[in-house]
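K.L.:
quick one, what's the 3D model for this:
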Amino acid sequence: MYYILYLSSLCRRRRWSDPLYKCVAYSSGWACTVSVNHREYQTENTHATEDLAKEAAAMKAYLVCRNLSVSEGQAPGAQYPAAVS
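P.N.:
Below you'll find the model as predicted:
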């Protein structure tokens, strides 16, 4: 369950709130959505267990969020401090 840890660590480093997971059971398996910094990422397929669904959602979110610059990762409309020379 590495991506769950990776995503939590990324959120702490960037001072975002902790990821929020919402999992749903279907007859075919589990699906999961994770909310990270005002954005949602969800699994594309169902998974055998809730933990595997969380891991898949965390992987999708982490792979996107790790490449965001600090300013791209801020909440929409956020004000950024002026650069100091």
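K.L.:
contacts, neighbours, all on C-alpha from now
P.N.:
Noted.
K.L.:
buried by neighbour count: which residues of whatever helix or strand Ala58 lives in qualify?
P.N.:
Element membership of Ala58 [criterion: DSSP states H and E] is helix 50-65. Buried residues in helix 50-65, counted by 16 or more other C-alpha atoms under 10 Å: 50-62, 65.
K.L.:
repeat that for stretch 2-12.
P.N.:
Neighbour-count burial for stretch 2-12, counted by 16+ other C-alpha under 10 Å, picks out Tyr3, Ile4, Tyr6, Leu7, Ser8, Leu10, Cys11.
K.L.:
show me the residues you listed that map onto helices.
P.N.:
Tyr3, Ile4, Tyr6, Leu7, Ser8, Leu10, Cys11 (DSSP state H).
K.L.:
export the residues you listed to CSV and tack on pLDDT and distance to Leu20?
P.N.:
Converted to CSV, those look like this (pLDDT from 0 to 100; distance: C-alpha to C-alpha, whole Å):
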residue, pLDDT, distance to Leu20
Tyr3, 97, 14
Ile4, 97, 11
Tyr6, 97, 14
Leu7, 97, 11
Ser8, 97, 10
Leu10, 96, 14
Cys11, 95, 11
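K.L.:
just name the closest of those residues to Tyr41, please.
P.N.:
Proximity of these to Tyr41 (C-alpha to C-alpha) peaks at Leu7, which lies at 12.0 Å.
K.L.:
tell me the contacts of the closest residue to the closest one other than its chain neighbours?
P.N.:
In space, and not counting its chain neighbours, Leu7 is closest to Tyr62: 5.3 Å by C-alpha to C-alpha, 6 or more residues apart in numbering. For Tyr62, the contact set (C-alpha atoms under 8 Å, 6 or more residues apart in numbering) comprises Tyr3, Tyr6, Leu7, Leu10.
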